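Novice: A structural model of the following input is requested.
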Amino acid sequence: MRTTYDFAPLWRSTIGFDRLFDLVDAAQQAGTEDNYPPCNVERLGEDRYQISLAVAGFSADEIAITAEQSVLTVEGRKSEKQQREFLYQGISSRPFKRQFNLADYVQVKGASFDNGLLQIELVREVPEAMKPRRISIDGSPASNVRQIDGKAA
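Specialist: Numbers count the residues shown, from 1 in each chain. Okay, the predicted model is just below:
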């Protein structure tokens, strides 16, 4: 049994949360989509991640990786040069498209292909202006009384 949620009341009272609601809608629909090829998402460190996709039967030139705004897309299309007659085909070579939503400041640093695994390295790099910073406090004593004129009446 799949439950759907109505976000209409939140749309009326929130501003700027469009992306969050889109992600929730996409997550609800993700259960009905095909999850080919299988993948792992790992945290390698505090700000380092790795996506591994099992793309057996594909070569590196048959796979395209695109990072656009906050979406990482991995597409594969097998180029059949010759017709082959399979008695049994257990290794899928159908075209695929997998998309991953990236958080703010997460960037793709590189990709490698080894032994049928495509590994994509991701790093979160928060700009200096967005990092917390310490504000120094001046040493002058705070006084709410200010002398206007030093002359006696």
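Novice: use CA for all of it now, contacts and neighbours both
Specialist: Noted.
Novice: mind checking how far the residue nearest the centre of the chain is from Y88?
Specialist: The residue lying closest to the centre of the chain (Cα atoms, centre = their mean) is L102, at 1.3 Å. L102 sits 38 Å away from Y88, going by Cα to Cα, to the nearest Å.
Novice: same thing with D25?
Specialist: 38 Å.
Novice: neighbour count: the two, which is higher?
Specialist: It is D25, of D25 and Y88, that has more neighbours when counted by other Cα atoms under 10 Å, with 14 against 6.
Novice: would you double-check that that one falls in a helix?
Specialist: Yes: with DSSP: H, G, I helix; E, B strand; the rest coil as the criterion, D25 is part of a helix.
Novice: verify the stated contact: S112 with Q119.
Specialist: Yes: the pair S112 / Q119 is scored as a contact, 5.3 Å apart, by Cα atoms under 8 Å.
Novice: of those two, which one has the most company?
Specialist: Q119 (19 against 11).
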